[in-house]
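Visitor: coords please:
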Amino acid sequence: MSDAAQVAKAAARRSIRARWWLSAPALVVVALFAVLPLAVIVLYSFMAKGDYGDVKYWQFSLDGWFGVFFERGLFDDSIGLAKAHVSILWRSLKLAILTTAVALLIGFPTAYFIANRPAHRRDFWLFLIIIPFWTNLLIRTFAIQEVFRNEGVLNSLLLWAGIVDRPLQIMFTDLGILLGMAYVYLPLMVLPIYSSLEKFDFSFAEAASDLYANNRRVLWRIILPMTRPAILAGCILVFIPALGAYVTPRLLGGGKNLMLGNLIELQFGQGRNWPLGAALSLTLTAVVMLALLVYARAAAKSGGRNHG
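Guide: Numbers count the residues shown, from 1 in each chain. Below is the predicted model:
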(Lines give C-alpha, C1' and ligand atoms only; values in the text may rest on other atoms or scores of the structure.)
Protein backbone atom coordinates (compact mmCIF):
# COMPACT_ATOMS: atom_id res chain seq x y z
CA MET A 1 0.00 0.00 0.00
CA SER A 2 2.84 2.38 0.85
CA ASP A 3 4.55 1.57 -2.46
CA ALA A 4 1.39 2.50 -4.35
CA ALA A 5 1.15 5.79 -2.43
CA GLN A 6 4.78 6.61 -3.19
CA VAL A 7 4.25 5.86 -6.88
CA ALA A 8 1.19 8.12 -6.89
CA LYS A 9 3.12 10.93 -5.18
CA ALA A 10 5.99 10.58 -7.65
CA ALA A 11 3.55 10.71 -10.57
CA ALA A 12 1.92 13.83 -9.10
CA ARG A 13 5.32 15.52 -8.72
CA ARG A 14 6.23 14.66 -12.31
CA SER A 15 2.90 16.07 -13.49
CA ILE A 16 3.44 19.32 -11.58
CA ARG A 17 7.00 19.59 -12.88
CA ALA A 18 5.81 19.01 -16.44
CA ARG A 19 3.14 21.73 -16.11
CA TRP A 20 5.75 24.17 -14.81
CA TRP A 21 8.02 23.42 -17.77
CA LEU A 22 5.12 23.90 -20.19
CA SER A 23 4.20 27.22 -18.63
CA ALA A 24 7.82 28.43 -18.43
CA PRO A 25 7.79 30.24 -21.85
CA ALA A 26 4.64 32.15 -20.90
CA LEU A 27 6.12 33.06 -17.51
CA VAL A 28 9.31 34.32 -19.18
CA VAL A 29 7.29 36.47 -21.59
CA VAL A 30 5.22 37.92 -18.74
CA ALA A 31 8.35 38.62 -16.71
CA LEU A 32 10.18 40.32 -19.60
CA PHE A 33 7.34 42.37 -21.07
CA ALA A 34 5.11 43.07 -18.04
CA VAL A 35 6.85 42.66 -14.68
CA LEU A 36 10.28 43.99 -15.65
CA PRO A 37 9.07 47.25 -17.34
CA LEU A 38 6.72 47.90 -14.41
CA ALA A 39 9.58 47.33 -11.96
CA VAL A 40 11.74 49.82 -13.88
CA ILE A 41 8.97 52.43 -13.75
CA VAL A 42 8.56 51.88 -10.01
CA LEU A 43 12.31 52.34 -9.45
CA TYR A 44 12.42 55.47 -11.62
CA SER A 45 9.59 57.03 -9.62
CA PHE A 46 11.72 56.86 -6.45
CA MET A 47 14.93 58.25 -7.98
CA ALA A 48 16.25 61.80 -8.31
CA LYS A 49 15.74 63.68 -11.56
CA GLY A 50 18.67 63.87 -13.94
CA ASP A 51 20.00 67.19 -15.20
CA TYR A 52 19.20 66.48 -18.85
CA GLY A 53 16.51 63.85 -18.56
CA ASP A 54 17.03 60.31 -17.33
CA VAL A 55 17.47 59.76 -13.59
CA LYS A 56 20.35 59.80 -11.12
CA TYR A 57 20.67 56.11 -10.49
CA TRP A 58 20.52 54.96 -6.88
CA GLN A 59 19.95 58.50 -5.62
CA PHE A 60 16.53 57.95 -4.11
CA SER A 61 14.05 60.80 -3.81
CA LEU A 62 10.30 61.30 -3.33
CA ASP A 63 10.19 64.43 -5.49
CA GLY A 64 8.55 62.51 -8.31
CA TRP A 65 5.62 61.42 -6.16
CA PHE A 66 5.47 64.84 -4.48
CA GLY A 67 5.10 66.49 -7.89
CA VAL A 68 2.03 64.44 -8.84
CA PHE A 69 -0.31 66.56 -6.71
CA PHE A 70 1.91 69.29 -5.20
CA GLU A 71 4.40 71.91 -6.35
CA ARG A 72 6.86 74.32 -4.77
CA GLY A 73 6.80 78.07 -5.24
CA LEU A 74 9.16 79.65 -7.76
CA PHE A 75 10.69 82.13 -5.29
CA ASP A 76 10.36 80.27 -2.00
CA ASP A 77 9.78 76.80 -0.65
CA SER A 78 6.06 77.25 -0.15
CA ILE A 79 4.04 74.17 -1.03
CA GLY A 80 0.83 74.38 -3.00
CA LEU A 81 -1.51 72.15 -4.95
CA ALA A 82 -0.37 71.34 -8.49
CA LYS A 83 -3.53 72.73 -10.05
CA ALA A 84 -2.45 71.88 -13.59
CA HIS A 85 -1.92 68.19 -12.75
CA VAL A 86 -5.17 67.96 -10.78
CA SER A 87 -7.01 69.66 -13.65
CA ILE A 88 -5.57 67.20 -16.17
CA LEU A 89 -6.42 64.24 -13.94
CA TRP A 90 -9.97 65.50 -13.53
CA ARG A 91 -10.30 66.12 -17.29
CA SER A 92 -9.04 62.59 -18.01
CA LEU A 93 -11.52 61.00 -15.59
CA LYS A 94 -14.38 63.19 -16.81
CA LEU A 95 -13.75 62.53 -20.50
CA ALA A 96 -13.21 58.80 -19.92
CA ILE A 97 -16.54 58.54 -18.06
CA LEU A 98 -18.38 60.64 -20.65
CA THR A 99 -16.83 58.64 -23.49
CA THR A 100 -18.03 55.42 -21.82
CA ALA A 101 -21.53 56.87 -21.41
CA VAL A 102 -21.73 58.07 -25.03
CA ALA A 103 -20.39 54.75 -26.31
CA LEU A 104 -23.00 52.90 -24.22
CA LEU A 105 -25.87 55.12 -25.40
CA ILE A 106 -24.90 54.49 -29.03
CA GLY A 107 -23.47 50.99 -28.67
CA PHE A 108 -26.40 49.26 -26.96
CA PRO A 109 -29.02 50.23 -29.59
CA THR A 110 -26.52 49.35 -32.31
CA ALA A 111 -25.85 45.92 -30.81
CA TYR A 112 -29.60 45.37 -30.30
CA PHE A 113 -30.27 46.30 -33.92
CA ILE A 114 -27.63 43.87 -35.21
CA ALA A 115 -28.82 41.05 -32.93
CA ASN A 116 -32.37 41.42 -34.30
CA ARG A 117 -31.30 41.20 -37.95
CA PRO A 118 -31.77 37.93 -39.82
CA ALA A 119 -28.88 35.54 -39.19
CA HIS A 120 -27.57 35.80 -42.77
CA ARG A 121 -27.34 39.62 -42.53
CA ARG A 122 -25.64 39.97 -39.13
CA ASP A 123 -22.17 39.30 -40.53
CA PHE A 124 -22.51 42.30 -42.83
CA TRP A 125 -23.37 44.67 -39.97
CA LEU A 126 -20.62 43.22 -37.79
CA PHE A 127 -18.23 43.72 -40.69
CA LEU A 128 -19.11 47.44 -40.72
CA ILE A 129 -18.44 47.67 -36.96
CA ILE A 130 -15.09 45.85 -37.18
CA ILE A 131 -13.76 47.72 -40.25
CA PRO A 132 -12.26 50.61 -38.18
CA PHE A 133 -10.00 48.10 -36.38
CA TRP A 134 -8.34 47.37 -39.71
CA THR A 135 -7.23 50.99 -39.99
CA ASN A 136 -4.44 52.59 -38.00
CA LEU A 137 -5.63 54.68 -35.05
CA LEU A 138 -3.66 57.68 -36.30
CA ILE A 139 -5.36 57.53 -39.71
CA ARG A 140 -8.81 57.27 -38.09
CA THR A 141 -8.07 60.27 -35.89
CA PHE A 142 -6.94 62.31 -38.88
CA ALA A 143 -10.19 61.35 -40.61
CA ILE A 144 -12.21 62.60 -37.64
CA GLN A 145 -10.12 65.76 -37.68
CA GLU A 146 -11.20 66.38 -41.26
CA VAL A 147 -14.84 66.00 -40.22
CA PHE A 148 -14.71 68.33 -37.19
CA ARG A 149 -12.39 71.13 -38.32
CA ASN A 150 -13.86 74.55 -39.15
CA GLU A 151 -13.74 73.88 -42.90
CA GLY A 152 -14.56 70.21 -42.47
CA VAL A 153 -17.48 68.08 -43.60
CA LEU A 154 -19.73 68.73 -40.58
CA ASN A 155 -19.40 72.51 -40.57
CA SER A 156 -19.74 72.68 -44.35
CA LEU A 157 -23.03 70.78 -44.21
CA LEU A 158 -24.36 72.91 -41.34
CA LEU A 159 -23.45 76.14 -43.14
CA TRP A 160 -24.95 74.88 -46.41
CA ALA A 161 -28.19 73.93 -44.67
CA GLY A 162 -28.36 77.30 -42.93
CA ILE A 163 -28.44 75.76 -39.47
CA VAL A 164 -25.49 77.86 -38.29
CA ASP A 165 -24.11 81.14 -39.57
CA ARG A 166 -20.51 80.42 -38.64
CA PRO A 167 -18.47 77.23 -38.11
CA LEU A 168 -18.81 75.41 -34.81
CA GLN A 169 -15.56 75.28 -32.83
CA ILE A 170 -15.19 71.56 -32.15
CA MET A 171 -11.49 71.11 -32.76
CA PHE A 172 -9.16 71.72 -29.81
CA THR A 173 -11.97 71.44 -27.26
CA ASP A 174 -13.04 68.80 -24.74
CA LEU A 175 -16.09 68.15 -26.94
CA GLY A 176 -13.86 67.28 -29.88
CA ILE A 177 -11.83 64.87 -27.75
CA LEU A 178 -15.02 63.30 -26.41
CA LEU A 179 -16.55 62.75 -29.85
CA GLY A 180 -13.26 61.45 -31.25
CA MET A 181 -12.73 58.93 -28.45
CA ALA A 182 -16.37 57.82 -28.61
CA TYR A 183 -15.91 57.08 -32.30
CA VAL A 184 -12.59 55.29 -31.78
CA TYR A 185 -13.74 53.05 -28.91
CA LEU A 186 -17.36 52.45 -29.94
CA PRO A 187 -16.67 48.94 -31.36
CA LEU A 188 -15.29 47.89 -27.96
CA MET A 189 -18.74 48.59 -26.53
CA VAL A 190 -20.78 47.09 -29.35
CA LEU A 191 -19.06 43.71 -29.66
CA PRO A 192 -19.48 42.33 -26.10
CA ILE A 193 -23.09 43.57 -25.90
CA TYR A 194 -23.89 42.03 -29.28
CA SER A 195 -22.31 38.75 -28.19
CA SER A 196 -24.67 38.68 -25.19
CA LEU A 197 -27.77 39.78 -27.12
CA GLU A 198 -27.10 37.20 -29.83
CA LYS A 199 -27.48 34.44 -27.20
CA PHE A 200 -30.43 36.13 -25.50
CA ASP A 201 -33.69 34.19 -25.62
CA PHE A 202 -36.18 36.77 -26.85
CA SER A 203 -39.05 34.49 -25.83
CA PHE A 204 -38.65 36.07 -22.36
CA ALA A 205 -39.40 39.47 -23.87
CA GLU A 206 -42.35 38.05 -25.80
CA ALA A 207 -43.72 36.47 -22.62
CA ALA A 208 -43.43 39.79 -20.79
CA SER A 209 -45.26 41.52 -23.65
CA ASP A 210 -48.01 38.90 -23.46
CA LEU A 211 -48.37 39.87 -19.78
CA TYR A 212 -49.03 43.48 -20.89
CA ALA A 213 -45.57 44.83 -20.16
CA ASN A 214 -44.71 47.78 -22.39
CA ASN A 215 -41.43 48.04 -24.29
CA ARG A 216 -39.77 50.18 -21.63
CA ARG A 217 -40.54 47.70 -18.86
CA VAL A 218 -39.33 44.82 -21.01
CA LEU A 219 -36.07 46.69 -21.59
CA TRP A 220 -35.49 47.61 -17.93
CA ARG A 221 -36.79 44.44 -16.29
CA ILE A 222 -35.77 41.72 -18.78
CA ILE A 223 -33.15 42.71 -21.35
CA LEU A 224 -30.85 45.01 -19.36
CA PRO A 225 -30.52 42.77 -16.25
CA MET A 226 -29.71 39.72 -18.38
CA THR A 227 -27.12 41.60 -20.46
CA ARG A 228 -25.58 43.47 -17.50
CA PRO A 229 -22.29 41.46 -17.49
CA ALA A 230 -21.75 42.32 -21.17
CA ILE A 231 -22.57 45.98 -20.52
CA LEU A 232 -20.07 46.08 -17.66
CA ALA A 233 -17.43 44.44 -19.86
CA GLY A 234 -18.05 46.96 -22.63
CA CYS A 235 -17.84 49.87 -20.18
CA ILE A 236 -14.51 48.73 -18.77
CA LEU A 237 -13.14 48.04 -22.28
CA VAL A 238 -13.93 51.64 -23.24
CA PHE A 239 -13.07 53.38 -19.96
CA ILE A 240 -9.55 52.00 -19.55
CA PRO A 241 -8.11 52.97 -22.97
CA ALA A 242 -10.01 56.28 -22.90
CA LEU A 243 -8.44 57.17 -19.55
CA GLY A 244 -4.91 56.70 -20.88
CA ALA A 245 -5.55 57.90 -24.44
CA TYR A 246 -2.73 59.80 -26.12
CA VAL A 247 -3.17 60.06 -29.90
CA THR A 248 -6.78 61.27 -30.01
CA PRO A 249 -6.38 64.01 -27.33
CA ARG A 250 -3.09 65.07 -28.91
CA LEU A 251 -4.61 65.63 -32.36
CA LEU A 252 -8.12 66.77 -31.45
CA GLY A 253 -7.29 68.64 -28.24
CA GLY A 254 -4.18 70.45 -29.33
CA GLY A 255 -1.61 71.57 -26.78
CA LYS A 256 -3.98 73.03 -24.17
CA ASN A 257 -6.46 70.17 -23.63
CA LEU A 258 -4.06 67.62 -22.21
CA MET A 259 -4.97 64.25 -20.72
CA LEU A 260 -2.88 61.98 -18.51
CA GLY A 261 -1.25 60.22 -21.45
CA ASN A 262 -0.14 63.54 -22.92
CA LEU A 263 1.14 64.77 -19.54
CA ILE A 264 3.20 61.61 -19.05
CA GLU A 265 4.72 61.94 -22.52
CA LEU A 266 5.47 65.59 -21.81
CA GLN A 267 7.42 64.71 -18.64
CA PHE A 268 9.51 62.07 -20.40
CA GLY A 269 10.07 64.41 -23.36
CA GLN A 270 10.24 68.18 -23.07
CA GLY A 271 9.87 68.24 -19.28
CA ARG A 272 12.87 65.93 -18.79
CA ASN A 273 11.42 64.84 -15.45
CA TRP A 274 11.44 61.06 -15.65
CA PRO A 275 10.64 60.43 -11.96
CA LEU A 276 7.50 62.57 -12.23
CA GLY A 277 6.54 60.84 -15.48
CA ALA A 278 7.02 57.44 -13.83
CA ALA A 279 4.95 58.50 -10.80
CA LEU A 280 2.18 59.76 -13.09
CA SER A 281 2.28 56.46 -14.99
CA LEU A 282 1.86 54.52 -11.76
CA THR A 283 -0.97 56.86 -10.71
CA LEU A 284 -2.71 56.05 -13.99
CA THR A 285 -2.08 52.34 -13.38
CA ALA A 286 -3.60 52.63 -9.90
CA VAL A 287 -6.75 54.27 -11.29
CA VAL A 288 -7.03 51.51 -13.90
CA MET A 289 -6.61 48.83 -11.25
CA LEU A 290 -9.30 50.51 -9.15
CA ALA A 291 -11.63 50.49 -12.17
CA LEU A 292 -10.90 46.78 -12.73
CA LEU A 293 -11.62 46.06 -9.06
CA VAL A 294 -14.96 47.87 -9.27
CA TYR A 295 -15.77 45.94 -12.45
CA ALA A 296 -14.85 42.61 -10.85
CA ARG A 297 -17.07 43.29 -7.83
CA ALA A 298 -19.96 44.46 -9.99
CA ALA A 299 -19.60 41.47 -12.32
CA ALA A 300 -19.54 39.08 -9.35
CA LYS A 301 -22.70 40.62 -7.91
CA SER A 302 -24.39 40.57 -11.30
CA GLY A 303 -23.40 36.94 -11.87
CA GLY A 304 -24.68 35.90 -8.46
CA ARG A 305 -27.96 37.73 -9.02
CA ASN A 306 -28.48 36.12 -12.43
CA HIS A 307 -27.57 32.71 -11.02
CA GLY A 308 -30.02 33.15 -8.20
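
Visitor: can you list the residues that contact the helix or strand of the chain with the lowest mean pLDDT?
Guide: One helix or strand of the chain scores below all others by mean pLDDT, DSSP states H and E: helix 203-210, with a mean of 75. By CB atoms under 8 Å, 6 or more residues apart in numbering, the surrounding residues in contact with helix 203-210 are N215, R217, V218, R221, I222, I223, M226. The C-beta positions use only the backbone N, C-alpha and C, and glycine is treated the same way.

Visitor: for the stretch 101-250 of the chain, which spans come out with low pLDDT?
Guide: Within the stretch 101-250 of the chain, the set of residues satisfying pLDDT under 70 comprises 210.

Visitor: now the helices for it?
Guide: Along the stretch 101-250 of the chain, the segments classed as helices by DSSP state H, counting those that start in this stretch run 119-130, 137-148, 153-161, 174-199, 203-210, 215-218, 224-226, 228-243, 247-253.

Visitor: Dump the ones you listed to TSV, plus distance to A82.
Guide: Formatted as TSV, these follow (distance: least, CB to CB, whole Å):
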stretch	distance to A82
helix 119-130	41
helix 137-148	29
helix 153-161	36
helix 174-199	20
helix 203-210	52
helix 215-218	46
helix 224-226	41
helix 228-243	19
helix 247-253	19
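
Visitor: May I see these arranged in TSV, with mean neighbour count and distance to S281 as well?
Guide: Conversion of those to TSV gives the following (neighbours: other CB atoms under 10 Å; distance: least, CB to CB, whole Å):
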stretch	mean neighbour count	distance to S281
helix 119-130	12	31
helix 137-148	16	20
helix 153-161	13	35
helix 174-199	22	20
helix 203-210	13	46
helix 215-218	13	44
helix 224-226	14	36
helix 228-243	22	12
helix 247-253	23	16
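
Visitor: For R13, find the nearest of these.
Guide: Closest to R13 of these is helix 228-243 (CB to CB; 39.0 Å).

Visitor: and the direction of the closest one versus that of helix 174-199, what angle?
Guide: 150 degrees (axes from the mean of the first three to the mean of the last three CA atoms, to 10 degrees).

Visitor: List the buried residues for the longest strand along the chain?
Guide: What stands out as the longest strand in the chain, according to DSSP state E, is strand 55-60. Across strand 55-60, burial judged by 16 or more other CB atoms under 10 Å covers V55.

Visitor: For the helix or strand following that strand, name the packing helices and strands.
Guide: Counting by DSSP states H and E, the element after strand 55-60 in chain order, helix or strand, is helix 63-69. If you count contacts as 3 or more CB pairs under 8 Å, 6 or more residues apart in numbering; DSSP states H and E, helix 63-69 packs onto helix 36-45, strand 47-49, helix 83-115, helix 274-307.

Visitor: Check the ones you listed for me and report the most buried one.
Guide: strand 47-49 (a mean of 20; mean count of other CB atoms under 10 Å).

Visitor: outside of that one, which residues touch it?
Guide: Residues contacting strand 47-49 (CB under 8 Å, 6+ apart): 55-61, 63-64, 272-276.

Visitor: what's the answer for stretch 102-120, then?
Guide: So stretch 102-120 is contacted by 122, 125-126, 129, 178-179, 182, 185-186, 188-191, 193-194, 197-198, 200, 223, 231, 234-235, 238 (CB under 8 Å, 6+ apart).

Visitor: ditto for stretch 182-197
Guide: Applying CB under 8 Å, 6+ apart, the contact partners of stretch 182-197 are 99-100, 102-104, 106-108, 110-112, 114-115, 126, 129-130, 132-133, 137, 140-141, 144, 223, 226-227, 229-231, 233-235, 237-238, 241-242, 248.
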